[in-house]
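Novice: Quick one: sequence plus predicted model below, questions after.
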Amino acid sequence: MNPQAMMKQVQKLQNEMMKTQEEINNTEFEGKSSLVTVVVDGKKNLKSVKINLDELDKDDLEMLEDMIVVAHNDAVKKVDEVTEEKMGAYTKGLPKIPGLF
């Protein structure tokens, strides 16, 4: 394969990776705990928090705070899983570089 054709193939792959990453960034991921539902975007920015007041004992604020953390971590884990699944197709066989994807 000549270098020019190889460069075109690399540029095509780079464009596909950028498109996939943009798709992930624009996707919303929902995380849940028993009292709380949160939504984050693919960049892991917290978009919304919903609290199930029917299940909440008004005096149990500390547990509610913990449930928000649990739900947020659940949503962030989903972002990581989808990112690994979709971006992994591009990085198979490459050495792991922390923080790259």
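Specialist: Nice, I can see it. Numbering: from 1, shown residues only.
Novice: Which elements pack onto the top helix by length along the chain?
Specialist: Under DSSP state H, the helix in the chain containing the largest number of residues is helix 61-91. If you count contacts as 3 or more CB pairs under 8 Å, 6 or more residues apart in numbering; DSSP states H and E, helix 61-91 packs onto helix 3-25, strand 28-32, strand 36-41, strand 46-51. (C-beta placed from N, C-alpha, C; glycine too.)
Novice: for these, which one sits closest to residue 88?
Specialist: Closest to residue 88 of these is helix 3-25 (CB to CB; 10.4 Å).
Novice: Name the residue most distant from the centre of the chain?
Specialist: What lies farthest from the middle of the chain is residue 2; by CA atoms, centre = their mean that is 37.5 Å.
Novice: Next up, the contacts around the spatially most central residue of the chain.
Specialist: The centre of the chain sits closest to residue 79, judged by CA atoms, centre = their mean, with a distance of 1.7 Å. Residues in contact with residue 79 (CB atoms under 8 Å, 6 or more residues apart in numbering) are 24, 29, 40, 42, 44.
Novice: Narrow the residues you listed to those that are buried.
Specialist: Among the contacts of residue 79, those buried by neighbour count (16 or more other CB atoms under 10 Å) are 24, 29, 40, 42.
Novice: Which member of those residues is positioned nearest residue 50?
Specialist: Nearest member of the buried ones among the contacts of residue 79 to residue 50, counting by CB to CB, is residue 40, at 12.9 Å.
Novice: Leaving out the residues flanking it, which one is nearest to the closest one?
Specialist: residue 75 (4.4 Å; CB to CB, 6 or more residues apart in numbering).
Novice: any idea how far residue 46 is from the one you found?
Specialist: Distance from residue 75 to residue 46, counting by CB to CB, to the nearest Å: 8 Å.
Novice: Now the common contact residues for these two.
Specialist: 38, 39, 40.
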